[in-house]
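K.L.:
Kindly return the folded structure for what I paste below:
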Amino acid sequence: MTWLKNNPIALILLAGISIFLFHLNVIPVTIMEARNFITAREMITDGNWLLTTMNDLPRYEKPPLPSWITALFGFIFGLENVATLRLPTMLMGIFLGYMGYLFSLKIIDSKLQALINALILLSSFYIIVITVEAPWDIYTHGFMLTGIYFLYSFFNLAGDKWNNSLLAGLFIGLSFMSKGPVSLYALLLPFLLAYGFVYKYKGFGVDRKFIPLAVMILMAMIIGIWWFLYVRLADPNAFLAITKKETANWSSYNVRPFYYYWSFFVQSGVWTIPALMSLMYPYLKNKVSDKKAYRLTFLWTIFSVILLSIIPEKKARYLVPVLIPLALNTGFYLEYVINHFRSTLTPKEKIPVYFHFSLIGLIGIAYPFIGFFILKDGLNGLWGYYALSSLALFAIGVLLFVQLKKQQLFGCFLLTIALVAAIKLLAMPLSGAMEKNAEYKSISQLRQDMQEEGLKTYCFGEIAPEMIWDYGSAIPVLKGEEEIIIPDGEKFAVLVIPSDENEFKRIFDPEYSYTINTVYDLNYNADPGTKGHKNRLISNLYIVQKR
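P.N.:
Numbers count the residues shown, from 1 in each chain. Coordinates of the predicted model:
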């Protein structure tokens with residue numbers, strides 16, 4: 001245990017590698033991933049590095065930095081290997097945890113608490129999920145946290161003001177080049193507000209930092225917006241149309257009430273109870289090791305939630321920037337509990353601690369039984385992973401209760417990290433044992449099949465990005481936003497999503513005959529008619545022939 005405390009970076013890397021770098025090809029490609037992968041593929045195959053595309057159509061909704069990084073890995077390791085395409089995103093997740101450690105050291109000067117903060121961040125539920133669900137987010141927030149690290153140093157250190165200002169400007173600009181102003185608004189702005197409330201920017205003018213600050217802002221702007229300016233000049237019509245559509249979505253798409261994010265602490269997963277306790281400011285403010293730093297992380301978290309709540313468009317994944325200061329805030333509570341559990345905690349204060357770690361322990365102990373009950377019909381070929389994961393999680397659960405009985409809270413904390421790592425290392429492959437959609441059919445062979453028949457393939461309307469990625473190349477679009485194209489040729493293939501079928505038939509009647517050839521369904525685990533089955537992941541292949 002002492003070695004772990006004395007080697008925090010090694011432990012952070014071990015946890016990060018265990019959580020992020022294994023079984024990268026197990027989960028099917030998600031919609032946000034598919035968009036990133038398609039754009040990266042078309043960078044390599046078509047040279048669309050600046051005027052980025054998806055399915056050969058302008059894709060200017062998001063800046064290209066994550067796609068450039070993905071394309072680099074695709075160029076080196078090949079575009080067919082999903083695991084290597086996911087690798088840079090996962091490395092960015094580990095980098096986020098490492099920067100959480102470095103930033104924590106800046107504000108609290110305690111290696112133990114900085115380690116706790118970093119491990120909470122690495123093991124928070126939606127931090128893990130976002131590395132697959134939305135690759136852009138982990139880049140923009142990872143770069144922004146790095147920018148904030150140097151910005152904090154710029155505010156607080158008299159020396160190295162130029163070095164810190166330039167590095168802060170660089171990483172803030174890279175954040176903007178990853179997903180526009182998202183992290184600027186949801187992570188940097190609440191930090192600046194919280195810092196102002198707590199430290200009031202004292203001594204800023206005395207140290208003559210206004211010129212380096214101006215250079216920092218200028219540098220961030222140049223790095224962050226040059227691509228937008230280039231696209232605006234090179235392809236103005238498409239850029240303006242996309243900008244108008246994206247802006248309209250903020251107030252008309254996925255609109256949720258102001259209080260939609262109020263359960264934000266739940267997104268931290270296994271840290272839900274400690275996260276909630278850390279937000280009890282009146283209770284904790286006089287118990288933490290550094291009152292000012294705690295007030296900073298608390299206000300940073302609250303301001304981030306408030307600012308996100310103001311925007312009408314809301315999604316659960318938009319809460320990821322909140323989880324960063326929340327992890328640091330949760331660390332204050334756990335540091336207090338770990339260091340004072342035996343000495344000063346009252347019996348009432350111990351109740352949430354016992355409840356939290358007992359719940360985690362019960363999850364580990366119950367896993368073999370619940371896992372078998374749910375997966376027993378699909379475990380053929382996966383019994384090894386089931387046995388290993390059951391043994392590991394059951395042992396972790398038992399050890400948690402042993403450590404809790406001994407009141408060894410740091411041991412309980414590390415065992416919680418071990419449980420998350422064991423789930424990712426040993427239980428993740430068991431997703432293959434989940435009940436599969438009997439109608440699942442990949443589209444990956446379609447291109448080759450149609451080439452052998454001498455037919456060109458088109459799509460009518462906007463088919464799912466996952467479908468385009470699985471197909472292996474761009475699919476010419478017949479139905480755009482403003483026009484419908486009738487292909488040349490006597491016979492061709494057309495992919496049609498169910499919602500566009502009536503219009504497709506209306507357009508091609510009566511000059512063409514059409515027969516449905518194949519139904520492609522990329523719903524991996526959800527059968528037709530069930531709640532999780534998505535119509536957008538279905539495309540019907542029609543063979544169309546001129547009469």
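K.L.:
which intervals of the stretch 201-350 of the chain have sub-threshold pLDDT?
P.N.:
The stretch 201-350 of the chain contains residues with pLDDT under 70 at 203-207, 249-253.
K.L.:
Where do the helices of it begin and end?
P.N.:
With DSSP state H, counting those that start in this stretch as the criterion, the stretch 201-350 of the chain has helices at 210-234, 236-252, 272-278, 281-284, 291-310, 320-340, 347-375.
K.L.:
Deepest in the core, which of these is it.
P.N.:
Stretch with highest mean neighbour count among the helices of the stretch 201-350 of the chain: helix 320-340 (a mean of 26; mean count of other CB atoms under 10 Å). C-beta: built from backbone N, CA, C; applies to glycine.
K.L.:
any idea how far K315 is from the residue positioned nearest the centre of the chain?
P.N.:
Centroid-nearest residue in the chain, with CA atoms, centre = their mean: I130, separated by 1.7 Å. Distance from I130 to K315, counting by CB to CB, to the nearest Å: 11 Å.
K.L.:
that older thread, please produce JSON lines containing the helices of the stretch 201-350 of the chain, extended by distance to S389.
P.N.:
Formatted as JSON lines, these follow (distance: least, CB to CB, whole Å):
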{"stretch": "helix 210-234", "distance to S389": "43"}
{"stretch": "helix 236-252", "distance to S389": "40"}
{"stretch": "helix 272-278", "distance to S389": "22"}
{"stretch": "helix 281-284", "distance to S389": "36"}
{"stretch": "helix 291-310", "distance to S389": "33"}
{"stretch": "helix 320-340", "distance to S389": "26"}
{"stretch": "helix 347-375", "distance to S389": "7"}
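K.L.:
And those: which comes nearest D527?
P.N.:
helix 347-375 (16.3 Å; CB to CB).
K.L.:
what angle sits between the closest one and helix 320-340?
P.N.:
On the basis of axes from the mean of the first three to the mean of the last three CA atoms, to 10 degrees, helix 347-375 is oriented at 120 degrees to helix 320-340.
K.L.:
what packs against helix 347-375?
P.N.:
Counting by 3 or more CB pairs under 8 Å, 6 or more residues apart in numbering; DSSP states H and E, the packing neighbours recorded for helix 347-375 are helix 272-278, helix 383-405, helix 409-422.
K.L.:
That helix to helix 383-405, inter-axis angle?
P.N.:
Using the same axes, to 10 degrees: helix 347-375 against helix 383-405 is 170 degrees.
K.L.:
For helix 347-375, what is the distance to the chain centroid?
P.N.:
Centroid separation for helix 347-375 versus its chain: 26 Å, with CA atoms, centre = their mean, to the nearest Å.
K.L.:
Next, the contact list for V477, please.
P.N.:
V477 makes contacts with N55, L57, Y458, C459, F460, G461, E462, I485, as judged by CB atoms under 8 Å, 6 or more residues apart in numbering.
K.L.:
With pLDDT as new columns, can those residues be given to me in JSON lines?
P.N.:
Shown next, in JSON lines, are the contacts of V477 (pLDDT from 0 to 100):
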{"residue": "N55", "pLDDT": "94"}
{"residue": "L57", "pLDDT": "92"}
{"residue": "Y458", "pLDDT": "94"}
{"residue": "C459", "pLDDT": "93"}
{"residue": "F460", "pLDDT": "91"}
{"residue": "G461", "pLDDT": "85"}
{"residue": "E462", "pLDDT": "86"}
{"residue": "I485", "pLDDT": "87"}
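K.L.:
now these: which count as buried?
P.N.:
When the contacts of V477 are checked for burial by 16 or more other CB atoms under 10 Å, the buried set is N55, Y458, C459, F460, G461, E462.
K.L.:
Quick check: next helix or strand after the helix or strand containing I120?
P.N.:
Assessed by DSSP states H and E, I120 sits inside helix 111-123. Per DSSP H and E, the first helix or strand lying C-terminal to helix 111-123 is helix 125-133.
K.L.:
now that following helix and helix 409-422, what's the angle there?
P.N.:
20 degrees.
K.L.:
ok now helix 125-133, how far from the chain's centre?
P.N.:
Centroid displacement of helix 125-133 relative to its chain, using CA atoms, centre = their mean, is 4 Å.
K.L.:
cool, stretch 382-395 as well?
P.N.:
With CA atoms, centre = their mean, you get 27 Å for stretch 382-395.
K.L.:
Show me what it is in contact with.
P.N.:
Contacts of stretch 382-395 (CB under 8 Å, 6+ apart): 363-365, 367-368, 371-372, 375, 379, 419, 422-423, 426-427, 429-430, 432-433.
K.L.:
Quickly list the domain ranges of this structure.
P.N.:
Following automatic domain parsing, one gets these domains for the chain: 2-340, 347-433, 446-546.
K.L.:
With Y440 as the reference, name the closest of the ones you listed.
P.N.:
Per CB to CB, nearest to Y440 of the domains of the chain: domain 446-546, 5.6 Å.
K.L.:
End to end on that closest one, go ahead and measure it.
P.N.:
Start-to-end span of domain 446-546 (CA to CA, to the nearest Å) is 21 Å.
K.L.:
low-confidence ranges in this structure?
P.N.:
1, 4, 203-207, 249-253.
K.L.:
quick one: the residue nearest to the centre of the chain from S124, how far?
P.N.:
Applying CB to CB to I130 and S124 gives a distance of 10 Å.
K.L.:
still on that earlier bit, could I get the contacts of V477 as JSON lines with secondary structure and distance to G384?
P.N.:
What follows is the contacts of V477, written out as JSON lines (DSSP: H, G, I helix; E, B strand; the rest coil; distance: CB to CB, whole Å):
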{"residue": "N55", "secondary structure": "coil", "distance to G384": "40"}
{"residue": "L57", "secondary structure": "strand", "distance to G384": "45"}
{"residue": "Y458", "secondary structure": "strand", "distance to G384": "45"}
{"residue": "C459", "secondary structure": "strand", "distance to G384": "41"}
{"residue": "F460", "secondary structure": "strand", "distance to G384": "45"}
{"residue": "G461", "secondary structure": "coil", "distance to G384": "44"}
{"residue": "E462", "secondary structure": "coil", "distance to G384": "42"}
{"residue": "I485", "secondary structure": "coil", "distance to G384": "52"}
